[in-house]
Each structure stands twice: as C-alpha cells, then as structure tokens.
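In: sequence first, then the predicted structure:
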Amino acid sequence: MKTTQRYFFKKQEKLKSRKAISSLFAEGQQFTIFPIKVYWQSATTENVLQVGISVGSKHFKKAVDRNRIKRLIREAYRLQKNQLNEHLIHANKNLTFFVIYIGKDLPDYKEIYKKTGMVLNKLIALNHENH
RNA sequence: ACUAUCAGCCGGUUAUCGCUCCAUGAAAAUGGUGAGGAAAGUCCGGACAGCAGAGGGCAGCAUACCGGUUAAGCGCCGGCUUCCCUGUUCAGCAGGGAAAGAGAAAGUGCCACAGAAAAUAACUGUCCUGAGCAAUCGGGAUGAGGGUGAAAACGUGAGGUAAGAGCUCACGGUAAGUUUCAGUAAUGAGGCUUACGGGUAAACCUUAUGCGCUGUAAUGCCAUGUAAAUCAGUGUUGGAGGGCGGCUCGUCCGAAUCGUCGCAAGACGUGCGCUGAAGGGUAGGCAGCUAGAUUGUGUCAGCAAUGGCGCAGCAAGAUAAAUGAUGACCUCCGGAAUAUUAUUCCGGUUACAGAAUCCGGCUUAUGACUGAUAGAUUUU
RNA sequence: CGGGAUGUAGCGUAGCCCGGUUAUCGCGCCUGGUUUGGGACCAGGAGGUCGCAAGUUCGAAUCUUGCCAUCCCGA
C-alpha cells in the first residue's frame, strides 16, 4: 500500500451499526483528552478501522454548530489517520472507536487538528501495549 | 446623517484534498449533482397512507361582522361597524392604526375594598300621619339630593304632586320588532310601534356551522426466530369476548368439538376463544422517497388576494445522518501611510441559521447593501 | 419525526380549577439574646419583574395567545 498518500474517508470507515455502537458504550474502554472523549474497542479479527463522531446536544443546541464541529473533527481525522491505519495493518488488528466532543465552546480548526493528533497517538500507544 | 415599515439580494472564479446521490465502467476512475427565507417553532390547513365504516341521541373539539379567494384553512384580499391617534374644522370629513367583532333582552354564577345599596335597593333625607308638653318613638309613601366606587338604576328642560318619580310632554340617546329605499351581503339613510333591563361569555353557558382516529418511527414486502412454542386463570352457543374508537340506545359479529367415567345431572382430559405472566427474536435491507395544488417569465381577467393561457426549465434525497477544510485572485467595506486623480500595507468579506414524506400559510430569529414611503432632530 | 408535562425567595413547595385586600410553609441567610466560645434553642428581620411579552377585565401568580427554558414518553 504505497498509495496511502491519498486521504479518503469513505462510508465503510464510518461506524454506523446501532448495535455496534451500543456495545461499544457498554463494554469499550475510554479515555479523555479535553475536549475530546473516546470510547474504543479492539479485537484481532479482520483488519477494519471504523470511527464514529458525535457532539452532545446539551451544550450545542443549534444543529449548525453540531454539524460544524463534526465536520472539523472529521477533517482532522481524515488527514491524520494513515499512521494509525498502517499500525493496525502491521498488528493485524480490528479497532472501532467513537469520538465525543464534550467541550462547551465552538473550537477552531487548528485546535481540533492538534487534539485529534494527540488522540490518535494515544490510540496507537494503547494498542501497542495491549499487543 | 438617524429610526420604523415594505420589497429585492446573499459575493464570484480557481487550485489541492475530501463527502452524498446518479450515470458509464470488470475495476481503477471519469462526468454530472448537492441546503433556506426562514430549511426553525410545530401554531393552523391539506395531499398521501393505514385502521374503522347501518344508524340515532348525548358528550367532546373547533370556528364566530359580510363577501371574495383557494385543494383547504384560525391564512390572504376587499368592504362594514366600533374604538384610538393626527390634521382640518366645529357638521363632519380626510389619512393612519387596532379589534378572540354572534348572544348579557334564554338561564345560572361572580363583581374584593369602599359604599345605604353591586341588581326582586333604601342609610341619611323629603312628605303624610299617630302618640307625646318636648326630645323622640311608631305606621305609611317616595326613589329627586348626598358621599363611596372601575361601575349607581336613560340625559336636559317643563308640567305634575302631600313630597316625588319616564308619572306625563318636548327635544335628544340606546335597544328590540316591523317596514321603505340603496347595496350580493354585513350595513347605511328614514317611517311606525314598544321598552329603557349595569359589567363580565379570554366564567358556566346558549345559538348557528363544521368535524371519524392515527401519523412516513404511517404502511407494505423481505430477512432473522427450538416460536402456530411454555405456564396460570377463565369461557365454550341464551354464549366469554368484540365492533360501530368517548358514553348510551339500538344493532351486528362471535369459539369446535371430541374422548373417558356415569342411568342421569355432571366431573376429568383434549381442542378452540379471551385475559395475564414469564421468556424469545429483530431493532437490518428494499419500497414509501421525491415531477409537483412545481419553478421562472410574459400576457390577459380582476380594485386586490388570486386565477386562465403561452414559452422556457428540472431543482438534494441523507439515515450515528452528505453539501466540508486550507490557500490564491477579483469585487465590496473599514483603518493607516505616501499623497490630492492614485498607490502600498493591514483587517474583514459576514447576520439568523442546516433539509429528514411533501406542499400552502402563520409565528419567531436576523447583518450588510440597494430602492420606496413616513417621522423627528442637527447643519447649510 | 410525533406526543405530553412543568416553570413561584438561595433550595424544596402551597395558592391557579372557580381572578380580589400585605402571595403560604419548611430548610437556609442576617441581627440580637443565651454560652467562656460554637452548636442547639428563643425573639425579630430581610429576601419575589410569580419564566418573558402582549391581550381580556375596574383588577391577572391565576384566564387567553405568542415566545423562552427544563424534563418526560413513543418504533
């Protein structure tokens, strides 16, 4: 896979199954890098990486703000996920995780980019330990 | 220059990376496509879908000046009446605005405090009269004067009377009935008769008109399931239960029997109906799902809302839910410097806000610019 | 997407149906007393745009309408 310089984020990479999400909340592990909270779960079956993004409607009442935050996180994830993906291919692992924005203020793109990078590094580290 | 209202309008091009859907393709990929005036609130009205449909009565809900408009409406347009403001004038007229604008003269209730009394009025008063030396007390008539209050029993004047009173009369006001004219109608202008009985219906209510219920998480199909399964109660044909969605009348539907014991009545088991318990499965795909009371424009009819006809166009369909990120240039705005035309630099290019079945309205949120109308102040 | 309920002092509540005189109660708060001091107790007091706005009425926490916020239910 030398053509990983392309930064896709296709439908298959989104976490869409209602069942999978509820089991993730029930059984998955979690950590927080403010203002982002992550639930994650890994297994050693197929090589699949799926992610879901959400913003609580308690702090952001308007759909415009929620959509904006989700778009920013998605963009940041898209540009930085390749390292995580390569690591998973090497380890032959399956990872699903769910990102929740728990801050109260509208962030700007640079901050989100930085924090998302930290989250992904932490996920890599955690999976390395587990292995 | 400021404020208010109404109408229009939401920057453009391009590069890199990326997303939804569609088409082509074996695939890689290529091409096309992609959010508003409110997409919002869910306040009205429909379309569409499912369920239920022999009906009567009651209850419930909604609407409430008149006409038009529309698929429909608590919307919109035009008119009427009442009220408010402004101007002119002293009769009203003109302009603007508001109205949940049927009925209080069908009935019931309520009207705090104050006041004699808050709706079959009588504290003080006035008059007549009886008792008494007198002060005063008793009987009757009356509803004019008095203060209170948001509201006080048609108004003014005259007659009348023991004192008074719409008790009578003149003028005026309001309401009801009837009638003439104008108007499609609400209503207006008059005639005649009768009455004068406060407010509140966003208190109960009355009258008239209309109304089945549930909503795309509707609904249909497919997939999944030891599941037409298990346990308990109850009924089994003068009958459990159910429908006509609230109640009732009336009416209709409605289960299956068989075996054993017994002379029979009946008992037990089984099947079926109803109710409940415990438990199991799916919470995934497809359809519904976007071409329609459609959008733009011209013209005709109409005071207008709106409608007819012609021409051109096709304009999101996601489902943990696409329409994004970073730059560049142009345009526009603001500031600073050089400078008076202009150039350079810096900052901004946005408010409210994101489709979720689809339409027509209403309500609410909103920045900049352009145009129109109205208002007031300052400067010249 | 559809449906429903509730907003009253810092907190929890009554009053709302059927409008009326200074808006109720408990905890908390403040002041004073009691105590060596604190707590408890006693006495007194403050604190309310009744979620916001408009309307009906002589008069609105209460009735009506429109907004705002919070909470709940539904395949």
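Out: Sure thing, it's come through.

In: so residue A:32 belongs to a strand, correct?
Out: Yes: the assignment for residue A:32 by DSSP: H, G, I helix; E, B strand; the rest coil puts it in a strand.

In: ok, and what's touching the top helix by length along chain A?
Out: When chain A is parsed with DSSP state H, its longest helix is helix A:109-130. By CB atoms under 8 Å, 6 or more residues apart in numbering, the surrounding residues in contact with helix A:109-130 are A:29, A:31, A:33, A:35-36, A:38, A:40, A:42, A:69, A:72-73, A:75-77, A:79-81, A:83-84, A:87-88, A:91, A:93, A:95, A:97, A:99. Glycine gets a C-beta too; all of them are placed from N, C-alpha and C.

In: what is the neighbour count of residue A:64?
Out: For residue A:64, the neighbour count with other CB atoms under 10 Å is 9.

In: would you indicate which residues of the host helix or strand of it are buried?
Out: Using DSSP states H and E, residue A:64 maps to helix A:63-80. By 16 or more other CB atoms under 10 Å, the buried positions in helix A:63-80 come out as A:66, A:68-69, A:72-77, A:80.

In: orientation of it relative to helix A:109-130 in degrees?
Out: 50 degrees (axes from the mean of the first three to the mean of the last three CA atoms, to 10 degrees).

In: and helix A:63-80, average pLDDT?
Out: Averaging pLDDT along helix A:63-80 yields 84.

In: and stretch A:110-128, by the same measure?
Out: pLDDT averaged over stretch A:110-128 gives 83.

In: before I go, just wanted to say thanks for your time.
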